[in-house]
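Asks: task: produce atomic coordinates for the following.
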Amino acid sequence: MTPPVAQSGGNIQTPSQSTPPPTSSKKWLWIVIIVAVVAAAGAGGYWWWQNQQSQTDSTDTETAADSEAEATPTDDDTGWKELVNEKYYYSLEYPRDWKLTGRDADGKEVDPTQAKTEYLSKQYDDKFSNLRVYVHDYDVPKTAKEAAERTKKTADEVIEEKEFELGGEEAYYLAIHNHSTYMASVDGGQDTEYNEDYYFQYIYAVRNGYLYSIEIFEIYGDSEEYVIEPPHIPFEEWRNQETFDKIVESFRFLEYEPPTFSTGCLEFPLQLGNTWKYQVSSSGPFGLEASAVDLAELTGIYDHEFTIRTDTIEGDTSGSVYEERYGVDSPGNNLYANYRMSYVKSSDGDTLASGSVFYHDYKVFSCNEDSWELEVKTSPARFTADLLNEIAGEGAGIIGSAKVLDRDAEVTVPAGDFEAVLIEYNLETSAETNMGDIEVPISQKIWFVPEIGIVKHEMSGITNGTKELIEYNFAN
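Replies: Here you go, the predicted model:
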């Protein structure tokens, strides 16, 4: 799937491949970014937006000791309790004298059997042992090792890494050390320089569209006493490593039952492992041209949402990855684009930038409407590339309209002949940048085929391109 605006894979080149006129290079660069990223889930372009899912992890400086879980997990006569997380399909055991707290995606305390994050903590002397289980359903890598590689990029030192097994599934173990120097004040006092070391153990596993991340560390004192992150204890001084190991050994994955819901007249094939292969060709400003082959896979099914991950497997941006989340309303009449993540890489495999954007009210398909207006809001732009941060501003938006031209349109692509629902989108993407407001008009046509998905996508504007279905393979 690809929501309107911008093509998958290779529709813009790396800056080194073409140098625009120096007097307007930054502004032109931002215009291309708008087309490829802001409005465009499915662009496969180069730039990323800071993942708002990190807001969920902003509670990292808390310990699990801040509250007791209201729910009582299963108890036994061994001095350990069993937690069964029914919502995210796993169980584990932990000592009865450890504190357990469950939190949802917004950091609010919830029943641990339904929690997205579990916090386990044990106080001893003036120290705390902490084990946290995070379940991620956004920006999910293909493998556990890929998740570990992302973490390694932020580490000052990798102590140990190895293939691992978690609950009978392939996993990856990583132990890292980080050092940080920063200024902070306590109770409004004078700024003081702090030099802190941090020691973490991570275990990653990817299963059924979720990334399971276990994070283990020990700290001095209680984080509630600190304005800053409490100091970490070096690995060799940890008190509860044996207990950590037993908790991890007890971890089990439950039988997975994907949610079922209607996608209305679109009859989208909701089966994990379904794949679509596309041929993409495009051209942009300054004579930029590109071609690529994209392989899309349905990797996650959630409550009235599903995720498609696309890898550029051939072409100018080979190795690039983007993930798109779609939502369906309860009757199944309307399909919405909710989120997009991208990791854009060069032909050498280097990540040029990565990030994500959330959409609000971005309807891309309707069963019972032949036209609708669009006024889409997106999350603010945050980039990994310094140049883009210089010109990025507060946010972007999409306004325009969508119109069904034909619900029985005949279309021929490499994958075959189809009857499709043909929708035309006339959009204007705008962004507030540090170089002023920018507006970019874009026109597109998308051919949706019931029971298959998108078979063709055409775009015209500052970037012109075509994406056509080569083949598709469904799990059932």
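
Asks: quick one, domains of this structure?
Replies: Domain segmentation of the chain under automatic domain parsing yields 15-51+272-473, 53-137+141-208+210-253.

Asks: winner for burial among these?
Replies: domain 15-51+272-473 (a mean of 19; mean count of other CB atoms under 10 Å). The C-beta positions use only the backbone N, C-alpha and C, and glycine is treated the same way.

Asks: average pLDDT for it?
Replies: Per-residue pLDDT values over domain 15-51+272-473 give a mean of 77.

Asks: over to stretch 111-125?
Replies: So the average pLDDT for stretch 111-125 ends up being 92.

Asks: ok, now stretch 204-218?
Replies: Mean predicted confidence for stretch 204-218 is 96.

Asks: same question, stretch 92-104
Replies: 95.

Asks: end to end, how far does it reach?
Replies: 18 Å (CA to CA, to the nearest Å).

Asks: Gly400: what's it in contact with?
Replies: Contact partners of Gly400, counting by CB atoms under 8 Å, 6 or more residues apart in numbering, are Glu373, Leu374, Tyr425, Asn426, Leu427, Glu428.

Asks: correction: Lys152
Replies: Counting by CB under 8 Å, 6+ apart, Lys152 makes contact with Val158, Glu161, Leu174, Ile176.

Asks: whichever helix or strand the second one is part of - what's its average pLDDT?
Replies: Right, Glu161. Counting by DSSP states H and E, the element that carries Glu161 is strand 157-166. Taken as a whole, strand 157-166 has an average pLDDT of 96.

Asks: from the chain's centroid, how far away is that strand?
Replies: 23 Å (CA atoms, centre = their mean, to the nearest Å).

Asks: and stretch 127-147, by the same measure?
Replies: With CA atoms, centre = their mean, you get 13 Å for stretch 127-147.

Asks: ok, which stretches of the stretch 301-450 of the chain are helices?
Replies: 386-391 (DSSP state H, counting those that start in this stretch).

Asks: which residue packs closest to Thr412, ignoring adjacent ones?
Replies: Phe418 (7.8 Å; CB to CB, 6 or more residues apart in numbering).

Asks: ok, that neighbour touching Gly453?
Replies: No. Using CB atoms under 8 Å, Phe418 is not in contact with Gly453, being 10.7 Å away.

Asks: hmm, Val135 and Leu211 touching each other?
Replies: Yes. Taking CB under 8 Å as the definition, Leu211 is a contact partner of Val135 at 7.4 Å.

Asks: ok, what's across the strand from Ile203?
Replies: Residues in a beta bridge with Ile203, per DSSP bridges, are Tyr173, Ile214.

Asks: and it, how far is that from Glu170?
Replies: Using CB to CB, to the nearest Å, Ile203 is found at 11 Å from Glu170.

Asks: please apply the same query to Pro231.
Replies: For Pro231, the distance to Glu170 - CB to CB - is 34 Å.

Asks: contacts only, for Phe365.
Replies: With CB under 8 Å, 6+ apart, Phe365 has these contacts: Leu266, Asn334, Leu335, Val421, Ile423, Phe448.

Asks: returning to what we had before: mutual contacts of Ile203 and Glu170, please.
Replies: Joint contacts of Ile203 and Glu170 (CB under 8 Å, 6+ apart) are Phe164.

Asks: name the element Leu131 belongs to?
Replies: Per DSSP H and E: strand 127-136 holds Leu131.

Asks: other SSEs contacting that strand?
Replies: For strand 127-136, the packing partners by 3 or more CB pairs under 8 Å, 6 or more residues apart in numbering; DSSP states H and E come out as strand 90-95, strand 117-124, strand 210-220, helix 241-250.

Asks: now the most centrally placed residue in the chain, what's its secondary structure?
Replies: Centroid-nearest residue in the chain: Asp139, 2.1 Å away (criterion: CA atoms, centre = their mean). Following DSSP: H, G, I helix; E, B strand; the rest coil, we place Asp139 in the coil state.

Asks: where's the nearest residue to it once chain neighbours are set aside relative to Gly465, distance?
Replies: Leaving aside its sequence neighbours, Asp139 sits nearest to Met341 (CB to CB, 6+ apart; 4.8 Å). From Met341 across to Gly465, the span is 21 Å (CB to CB).

Asks: likewise for Ala292?
Replies: 10 Å.

Asks: find the residues that touch each one of the two.
Replies: Val280.

Asks: thinking again about what came up before, distance to Leu254 added to the contacts of Phe365, as TSV?
Replies: Listed next are those as TSV, based on distance: CB to CB, whole Å:
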residue	distance to Leu254
Leu266	30
Asn334	32
Leu335	30
Val421	38
Ile423	40
Phe448	35
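
Asks: which one of the domains of the chain lies nearest to Phe261?
Replies: Nearest of the domains of the chain to Phe261, taken as CB to CB: domain 15-51+272-473 at 5.2 Å.

Asks: surely Trp238 and Glu218 touch.
Replies: Yes. Applying CB under 8 Å as the test, Trp238 and Glu218 come out as touching, 5.1 Å apart.

Asks: and for those two, which residues touch both?
Replies: Counting by CB under 8 Å, 6+ apart, the residues touching both Trp238 and Glu218 are Ser129.

Asks: I figured Ala415 hits Lys456, correct?
Replies: No. Applying CB under 8 Å, one finds Ala415 not in contact with Lys456, separated by 9.6 Å.

Asks: rewinding a little: nearest to Thr260 among the domains of the chain would be which one?
Replies: domain 15-51+272-473 (8.5 Å).

Asks: in which helix or strand would I find Glu255?
Replies: Remark: Glu255 resides in no helix or strand, with elements defined by DSSP H and E.

Asks: that one and Tyr89 touch, don't they?
Replies: Yes. Taking contacts as CB under 8 Å, Glu255 lies within contact range of Tyr89: 7.4 Å.

Asks: so Leu422 is in contact with Ala402, correct?
Replies: No. Between Leu422 and Ala402 no contact is recorded; they are 11.2 Å apart, counting by CB under 8 Å.

Asks: now the nearest residue to Ser342 once chain neighbours are set aside, which residues is it bridged with?
Replies: Distances taken as CB to CB, 6+ apart place Tyr322 nearest to Ser342, at 4.0 Å, with adjacent residues excluded. In this entry, Tyr322 is beta-bridged to Thr310, Ser342, by DSSP bridges.

Asks: ok, Tyr322 to Asp294 distance?
Replies: For Tyr322 relative to Asp294 (CB to CB), the value is 9 Å.

Asks: swap in Ser283?
Replies: Distance from Ser283 to Asp294, by CB to CB: 17 Å.

Asks: go on, Thr260?
Replies: Distance from Thr260 to Asp294, counting by CB to CB: 28 Å.

Asks: what do you get for Val455?
Replies: 13 Å.

Asks: repeat for Ile438
Replies: From Ile438 to Asp294 the distance is 27 Å (CB to CB).

Asks: can you check Thr378 too?
Replies: Counting by CB to CB - Thr378 and Asp294 are separated by 22 Å.

Asks: kindly report the same for Tyr343.
Replies: 14 Å.

Asks: repeat for Tyr472
Replies: Distance from Tyr472 to Asp294, counting by CB to CB: 12 Å.

Asks: overlap in contacts of those two?
Replies: With CB under 8 Å, 6+ apart as the test, Tyr472 and Asp294 both reach Lys277.
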